[in-house]
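Colleague: for reference, the sequence and a predicted model appear below.
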Amino acid sequence: MSLSGKSDKESKASAVSIPKTLLGGAEHLMKEKGFDSISEYVLSRLREDISRYEADQLTEYITPVELEYIKQRLKSLGYL
Amino acid sequence: MVSRVHGGKLVNQVATSNRLNVLLGEVNELPMVELSYESAVDVESIAHGVYSPLEGFMNNEAYRSVLDEMRLPNDLPWTIPIVLDVSREAVKDVKAGDTIALSAPGNVPLAVMHVEDIYGFDKQEYSEKVFRTTDPKHPGVARVHQLKDLLIGGQIEMFKDVENPFEHYTLSPAETRVLFKEKGWRTIVGFQTRNAPHIGHEYIQKSALAFIDGVFVNPVIGRKKQGDFKDEVIVEAYKSLIDNYYQKDTAVMSILRYEMKYAGPREAILHAIIRKNFGCTHFAVGRDHAGVGNYYGPYDAQEIFKEFPDLGVTPVFFREFFYCKRCVTIVNERICPHTGQDRVGFSGTKMRDMIVQGLRPPSEIMRPEVADAILKFKNPFVE
Ligand SMILES: [Zn+2]
């Protein structure tokens, strides 16, 4: 099943397939947690995880030169 | 995959290249305020992003918000004010909008501050809200009463690190984030400590390692109470524990220069935020975390996490471990049905008495290698 959900931008951007075997559980959880649709539920979980974890974004605050310098220091101190 | 930085952006207020030269050129012309060693270390922590998203010492708005709401004005969880105290005399010619120099003790300039405001504060109110007590015998309350009368808020830019006897064991959040990533850890549990490790600590860490990739042991180094283990003893004892009893690449230790507040629940949240900034996805909270005496209930510091579902770091709660003669192993009250004399607790006093006499505590209490590392020191305790 594709997650067409509401006509918001996210659903237009990309569809997600959920295997039939998971659908029953997903519907149950969605109701249990007070969401109106599976789309809303999945999006909410995704937002939560994205706000929690950094997805390989070290380069956002470390330049390649700094990264090399840090690795060198970690090696010289025996951490790596 | 390390945790996201608190507030989303790792703060870096360390001046480099051109900016460094500008600051070094200006600094001697600026009014200078000399800081305590502890405040100088706070400058360094801010500059390296340990307190992200803070870019400086809190202004009055942030101070009020943290005290009253346990959140920054932008609603991000934050439970203990990070403030800089100054005397009236030191700032008599300073006003909002000025740039001042901040120096470590001995007039060693280390940073500039762009002053946002200078404000008075009520030490009783601070104590009541942060420590839940105004009892002057509480070490945190006593410390607040020693603070000078005014607080000065504003962004800082640092150009010199503070002298650090543990430089080889000090990593910045940028460094630990690279380290965790290089180790391939997807989940990391932060472990706060101010003690040499006994078996109880080891069991907490290893229980967490049953479902988490790596443990980040982060002992607090700094102003201590009489009778506490000396900083160098804690570092050596942990080194010995990790070298002898941990699977390679499951544990990392670096120190945190930080002055304990003994604020129990509120401080547990701050400790978790700091470790989140180092890249931890989880944070271990044991019995009476950051507590002292009988000021807090044994699990108050776990309860408070309920108020912060948006903290962005998952607390892992532990009951205290002990040795049970009938279980013949280390257990805690959740898994051992026995009581009373069967249970041998990790009494700090008992361990201390043995160490003072030059004796190794029994091996069900402390690893012999750890005991030896401690006993190498002539006097392992703060006098
Ligand atoms: Zn038992």
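Modeller: Received the coordinates, thanks.
Colleague: packing partners for the biggest strand by length in chain B?
Modeller: Counting residues, the longest strand found in chain B (DSSP state E) is strand B:108-120. Other helices and strands packing on strand B:108-120, by 3 or more Cβ pairs under 8 Å, 6 or more residues apart in numbering or on different chains; DSSP states H and E, are helix B:37-47, strand B:56-57, helix B:60-69, strand B:99-104, strand B:150-158. From N, CA and C alone the C-beta is placed, and that goes for glycine too.
Colleague: can you give me the helices in chain A?
Modeller: For chain A, applying DSSP state H gives helices covering A:9-13, A:20-32, A:38-52, A:58-61, A:64-76.
Colleague: buried residues in the second one?
Modeller: Translated: helix A:20-32. A:26, A:30 (16 or more other Cβ atoms under 10 Å in any protein chain shown).
Colleague: touching it from outside, list them.
Modeller: Here helix A:20-32 makes contact (Cβ atoms under 8 Å, 6 or more residues apart in numbering or on different chains) with A:1, A:18, A:37-38, A:40-42.
Colleague: do stretch B:135-152 as well
Modeller: By Cβ under 8 Å, 6+ apart, stretch B:135-152 touches B:33, B:57-58, B:60, B:63, B:83-88, B:90-91, B:94, B:113, B:115, B:117-121, B:123, B:126-127, B:130-131, B:133-134, B:225, B:259, B:261-263, B:292-293, B:295.
Colleague: how about stretch B:293-304?
Modeller: With contact meaning Cβ under 8 Å, 6+ apart, stretch B:293-304 is reached by B:131-133, B:135, B:137-138, B:262, B:264-269, B:285, B:287-291, B:315, B:317.
Colleague: list only buried entries from the residues you listed.
Modeller: B:131-133, B:138, B:262, B:264-269, B:285, B:287-291, B:315.
Colleague: B:M58 against B:D85, yeah?
Modeller: No - using Cβ atoms under 8 Å, B:M58 makes no contact with B:D85, being 11.5 Å away.
Colleague: which one of those two has more residues nearby?
Modeller: The residue with more neighbours, out of B:M58 and B:D85, is B:M58; 27 against 18, by other Cβ atoms under 10 Å in any protein chain shown.
Colleague: contacting residues around the more buried one?
Modeller: Contacts for B:M58 (Cβ under 8 Å, 6+ apart) come out as B:66, B:81-83, B:151, B:153.
Colleague: could you redo the last one with a cut-off of 7 Å?
Modeller: B:66, B:81-83, B:153 (Cβ atoms under 7 Å, 6 or more residues apart in numbering or on different chains).
Colleague: the contacts of stretch B:293-304 in strands, which ones?
Modeller: B:285, B:315, B:317.
Colleague: Throw those residues into a markdown table and include distance to chain A and pLDDT, thanks.
Modeller: Below are the ones in strands among the contacts of stretch B:293-304 laid out as a markdown table (distance: Cβ to the nearest Cβ, whole Å; pLDDT from 0 to 100):
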| residue | distance to chain A | pLDDT |
| --- | --- | --- |
| B:V285 | 18 | 97 |
| B:P315 | 13 | 97 |
| B:F317 | 19 | 96 |
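Colleague: quick one: which of the residues you listed is nearest to B:V356?
Modeller: Minimum distance to B:V356 across these is 30.0 Å, recorded for B:V285 (Cβ to Cβ).
Colleague: can you give me phi and psi for B:G7?
Modeller: phi 90, psi -10 (degrees, to the nearest 10).
Colleague: likewise for the one 5 residues further on?
Modeller: Torsion angles at B:N12 (phi, psi; degrees, to the nearest 10) stand at phi -140, psi 100.
Colleague: correct me, but it touches B:G49?
Modeller: Yes - the pair B:N12 / B:G49 is scored as a contact, 5.9 Å apart, by Cβ atoms under 7 Å.
Colleague: more neighbours: which of the two?
Modeller: B:G49 (25 against 19).
Colleague: could you check how far the more buried one is from B:A174?
Modeller: According to Cβ to Cβ, to the nearest Å, B:G49 and B:A174 sit 7 Å apart.
Colleague: now for the two: what residues contact both?
Modeller: Common contacts of B:G49 and B:A174 (Cβ under 7 Å, 6+ apart): B:L10.
Colleague: what does the stretch 201-350 of chain B put close to chain A?
Modeller: Residues of the stretch 201-350 of chain B that fall close to chain A, judged by Cβ under 7 Å from any Cβ of the partner chain: B:252, B:312.
Colleague: redo the helices of chain A as a markdown table? Include mean pLDDT and distance to the ion.
Modeller: Shown next, in a markdown table, are the helices of chain A (pLDDT from 0 to 100; distance: least, Cβ to the ion, whole Å):
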| stretch | mean pLDDT | distance to the ion |
| --- | --- | --- |
| helix A:9-13 | 54 | 53 |
| helix A:20-32 | 88 | 38 |
| helix A:38-52 | 80 | 37 |
| helix A:58-61 | 78 | 46 |
| helix A:64-76 | 95 | 42 |
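Colleague: now those in a markdown table, please, with extra columns for distance to B:V235.
Modeller: Formatted as a markdown table, those follow (distance: least, Cβ to Cβ, whole Å):
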| stretch | distance to B:V235 |
| --- | --- |
| helix A:9-13 | 49 |
| helix A:20-32 | 47 |
| helix A:38-52 | 31 |
| helix A:58-61 | 27 |
| helix A:64-76 | 17 |
